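Asker: Take this sequence and fold it.
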Amino acid sequence: MSKKLNLIMRIIFFIAIGIFGITRYEDFKHENQIYIDYINNLEKSIKQEYKNRLKESVETTISFIKTTRNKIIKSQENLLTQEIQKILIFIDGVDENDFNQFVKSYTHDFIRLSFLKKDSKVQKKLIFNEQELYFIIPDELITNKLTMETREYLYTRISDDNRYVWVNKILNYQGGDEYATRLIHPNLKETEGEKLSTSMEDIKGNKPFLDELLGIKKDKEIYFEYFFKTVNSNDISKKLSYAQLYEEEDWIIATGLPLTNLKSAIENRSVVIKEAHKQHFKQKMIYESMSTILFIILFFILRKIVNDYFNQNQKLKDQIARRLQVSENRANKFFDLSINLHLIIDLNGKVLHVNDTCKSILGYEKEELINTFLLDLLHPADMEETRKERKRVREGQRGGYFENRYIHKNGNTIHLAWSAMVDVDNSEIYASAQNITSAKLNEVEIKKQELLLHQQSKMASMGEMIENISHQWKQPLSVISAVSSGIKFKNDLKELQTKDIETSATIISDSIQYLSDTVDDFRDFFKPDKFKRDFSIKNTFLKIDRLLKSQFEPSSINVIKNIDEIEVYGYENELIQVLINILNNARDELLKSLEKKKLILIEVKKNKEFLEIIIKDNAGGISEKIIDKVFDSHFTTKADIEGTGIGLYMSKAIITEHMKGTIEVFNSEYSYEDKRYNGAEFKISIPQNLRKKP
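Answerer: Alright, predicted model coming up:
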């Protein structure tokens, strides 16, 4: 190994040892800080846990008080109701004097009577001869009962001398002497009934009652601390208390816990954590020492490996160079073997390398294309799109499928399909092209065939429409003939009057207008849809009614429509052609059907962003053997002279290709006017708006 490399290895070793030592020191310091933070957070967490327990204890007591108070009020209301029922029986039929005498003499242990409404929480009203009498339970009675039950509840719930709930009743929210009464105190029962003062101080000179009252007035609850003397002991302890106001009775519900318990809990948990931290530190020191020794051993092993590698490196370089030359020769042979056009160009489009296929595809030799710009052979109409695609590839995007045209050396147009990618490091673009000229010519031929089929479909529709015109013109032409004959007849008899001429002229004018409207409807139908436009689907079906009127009216076919008012943007005439094809097929099948009541049901509704058209009949349906073929080209169930088999084929092409929708057919069973029918059901779904997205 060279001296330079040996020096580099030594420098790396000492730098690594230094970084390793600094990292370990920072790691130990960080872990120690985490331990200190954890102890601090533990103290906060335990204190918060104790606070939560105190609050939970008080709120449980308040919940009991609320429930008990409601029960007492309910029982007293029931007592009033029962007493009033008894009195109603007693005073039934007495006069007013006897009633007043009864009120004066009435006595009850709990109930008071008054002709005036009081502020008592429990009272009920009795009306005698339009005179109101109130039955009242004094509030003091309810409070006394509540106090007794609460006292019994708190006496039985005391867990030890240090954990209990007490109740003080506020007499004056402004504080001062006798601002409250100690109502219940399980640990100092002998002090119950004593008056409390906000000026009272604990052993350390704090005023806990004042702090409690101020907190209750501000937030209706408070956590506070004070010092007290332990019962039956001279020990002074600090206590954490929580108090909450029960407003209905002006009671302060409070509980507390000596902080000696809190400190004991913190110390107990801290001991375990300290011991764990100590053990972790010892283990970490052992692991770190072992890892340091292992690092040194591995370094020297690595140094030997690098030394061996360096000695063999030169031999490998020579072998790789020889193999690289062989691989390059093979790659060039494979590059020229492909039937597709492969080339490498720089980012400006200059050809750097191209395979021999360029001769068969473009007519040029490799030497003629290298160092030239391929865009020089591009069809002018494809120049802009090709530049955009090349820019996209240059920016690092992998080229997807892309088609354009080039001019062959003999002047013919060649269609190529490309994919490409960029080598940013070498500023080169690798591209591959397939000659798809034959496929493109086939596409043109297929489009010609589809256009021919579409034209045949139009011609078939035109024949049917001309027949419809002849039917619809018969009646107005007959009217015109009859009116003109009438005028001539009256004129021959010298009985023709001006009134007769005006009436006849109006009838003839109306008939001619009907003929003109009919021609307009059929002319609009055959007018090609070159542009999409807004149209009403209801108006579309009105046009279809006028076009098919002469064929459907004599057939006794009931057409039931349920069409929502929906605005559509698309090709209206093409949609009309599809719907007429389906309706004519349904009519033909119904005319062959033995059903007495012949039905065609049309439903048009909006389904999210799509227009949904459902057309069904009761002609018995389509045979399962052929239902999958009805949209095939030149498939028909009619005789050769009756059908071409292109109507439904073109209908599907219009819906799927022109209108970007779907059309399907299946046999369905449905109910109409409480009767079951079977028939074919066509379902068309097209976008309500065919505008292109930006």
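Asker: Give me the distance between Leu496 and Asn410.
Answerer: Note on Leu496: its distance to Asn410, by CB to CB, to the nearest Å, is 83 Å. The way it works is simple: take the backbone N, C-alpha and C, and place the C-beta from them, glycine included.
Asker: who's more crowded, those two?
Answerer: Each of Leu496 and Asn410 has its neighbours counted (other CB atoms under 10 Å); Leu496 has more, 16 against 8.
Asker: Might you report the residue contacts of that one?
Answerer: Leu496 makes contacts with 487, 490, as judged by CB atoms under 8 Å, 6 or more residues apart in numbering.
Asker: so which helix or strand takes in it?
Answerer: If you go by DSSP states H and E, Leu496 is not part of any helix or strand.
Asker: I'd say Ile602 and Asp617 touch.
Answerer: No - applying CB atoms under 8 Å as the test, Ile602 and Asp617 come out as separate, 10.2 Å apart.
Asker: So for those two, which residue has more residues nearby?
Answerer: Higher neighbour count among Ile602 and Asp617: Asp617, with 28 against 19, using other CB under 10 Å.
Asker: ok, Asn78 - how many residues close by?
Answerer: When counting by other CB under 10 Å, one arrives at 10 neighbours for Asn78.
Asker: Likewise for Tyr406?
Answerer: Burial of Tyr406, expressed as a neighbour count using other CB under 10 Å, amounts to 24.
Asker: Isn't it up against Leu416?
Answerer: Yes - proximity of Tyr406 to Leu416 meets the contact threshold set by CB under 8 Å, at 6.1 Å.
Asker: anything in contact with each of the two?
Answerer: Going by CB under 8 Å, 6+ apart, no residue sits against Tyr406 while also sitting against Leu416.
Asker: can you pull out the strands in the stretch 501-650 of the chain?
Answerer: When secondary structure is read from DSSP state E, counting those that start in this stretch, the stretch 501-650 of the chain shows strands at 533-536, 557-563, 567-570, 598-607, 610-617.
Asker: buried ones in the third one?
Answerer: To tie it back to what came earlier, the one meant is strand 567-570. Judged by neighbour count (16 or more other CB atoms under 10 Å), strand 567-570 contains these buried residues: 568, 570.
Asker: Check the average confidence over that strand, would you?
Answerer: Across strand 567-570, the average pLDDT comes to 88.
Asker: Tell me the confidence at Gln48?
Answerer: At Gln48 the predicted local confidence, pLDDT, stands at 85.
Asker: Quick check: Leu579 touching Val604?
Answerer: No - using CB under 8 Å as the test, Leu579 is too far from Val604 to be in contact (10.1 Å).
Asker: shared neighbours, those two?
Answerer: Between them, Leu579 and Val604 share the neighbouring residues 541, 613, with contact defined by CB under 8 Å, 6+ apart.
Asker: So Asn100, which state does it fall into?
Answerer: When states are read from DSSP: H, G, I helix; E, B strand; the rest coil, the local structure at Asn100 comes out as helix.
Asker: and if you look at Lys494?
Answerer: Under three-state DSSP, Lys494 comes out as coil.
Asker: What distance do you get for it to Lys124?
Answerer: From Lys494 to Lys124 the distance is 106 Å (CB to CB).
Asker: Of those two, give the one with the bigger neighbour count.
Answerer: With other CB under 10 Å as the criterion, Lys494 and Lys124 differ in neighbour count, and Lys124 comes out ahead with 17 against 6.
Asker: Can you tell me the closest non-neighbouring residue to the more buried one?
Answerer: Once flanking residues are discounted, Lys124 sits nearest to Leu80: 4.6 Å by CB to CB, 6 or more residues apart in numbering.
Asker: next one: Thr150
Answerer: Of all residues not flanking Thr150 in the chain, Ile65 sits nearest, at 5.7 Å (CB to CB, 6+ apart).
Asker: give the contact list for the one you found.
Answerer: If you count contacts by CB under 8 Å, 6+ apart, Ile65 has them with 146, 150, 246, 249, 251, 253.
Asker: what about it, helix or strand, and which?
Answerer: Element membership for Ile65, per DSSP H and E: helix 3-90.
Asker: can you check Lys217 too?
Answerer: Assigned by DSSP H and E, Lys217 belongs to helix 208-219.
Asker: What residues sit buried inside that helix?
Answerer: Using 16+ other CB under 10 Å, the residues of helix 208-219 that count as buried are 208-213, 215-216.
Asker: Save these as JSON lines, and put in pLDDT and distance to Pro380 too.
Answerer: Formatted as JSON lines, the entries for the buried residues of helix 208-219 read as follows, by pLDDT from 0 to 100; distance: CB to CB, whole Å:
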{"residue": "Pro208", "pLDDT": "91", "distance to Pro380": "98"}
{"residue": "Phe209", "pLDDT": "91", "distance to Pro380": "100"}
{"residue": "Leu210", "pLDDT": "92", "distance to Pro380": "97"}
{"residue": "Asp211", "pLDDT": "91", "distance to Pro380": "93"}
{"residue": "Glu212", "pLDDT": "91", "distance to Pro380": "95"}
{"residue": "Leu213", "pLDDT": "92", "distance to Pro380": "95"}
{"residue": "Gly215", "pLDDT": "92", "distance to Pro380": "89"}
{"residue": "Ile216", "pLDDT": "93", "distance to Pro380": "91"}
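Asker: Dihedrals phi and psi, Thr107?
Answerer: The phi and psi torsions at Thr107 (degrees, to the nearest 10) take the values phi -140, psi 150.
Asker: Could you tell me the model confidence score at it?
Answerer: The pLDDT attached to Thr107 in the predicted structure is 83.
Asker: swap in the one 4 residues further on?
Answerer: As summarised for this prediction, Ile111 has a pLDDT of 86.
Asker: That one: neighbour count?
Answerer: Residue neighbour count, defined by other CB under 10 Å, stands at 21 for Ile111.
Asker: Equivalent analysis for the one 4 residues further on, please.
Answerer: Here the count is done by other CB under 10 Å, and Phe115 has 10 residues near it.
Asker: Spatially nearest residue to it (excluding sequence neighbours)?
Answerer: Beyond its immediate neighbours in the sequence, the residue positioned closest to Phe115 (CB to CB, 6+ apart) is Leu133, lying 6.1 Å away.
Asker: returning to what we had before: after the helix holding Lys217, next one along is what?
Answerer: Where DSSP H and E defines the elements, the next helix or strand beyond helix 208-219 is strand 221-229.
Asker: in its sheet, what does that following strand sit against?
Answerer: Listed by DSSP bridges, the sheet partners of strand 221-229 and their directions read strand 236-246 (antiparallel).
Asker: Among the buried residues of helix 208-219, which one sits closest to Leu352?
Answerer: When the buried residues of helix 208-219 are compared for distance to Leu352 (CB to CB), Gly215 comes out closest, at 86.0 Å.
Asker: need the contact list for that closest one.
Answerer: 221-224, 243.
Asker: what's the farthest-apart pair in those?
Answerer: Comparing all pairs in the contacts of Gly215 by CB to CB, the longest separation belongs to Glu221 and Phe224, at 10.5 Å.
Asker: Between these two, which contacts overlap?
Answerer: Among the neighbours of Glu221, those also in contact with Phe224 (CB under 8 Å, 6+ apart) are 215, 243.
Asker: Show me the helices in the stretch 201-350 of the chain, by range?
Answerer: Across the stretch 201-350 of the chain, reading from the start of the chain, the helices by DSSP state H, counting those that start in this stretch fall at 208-219, 259-337.
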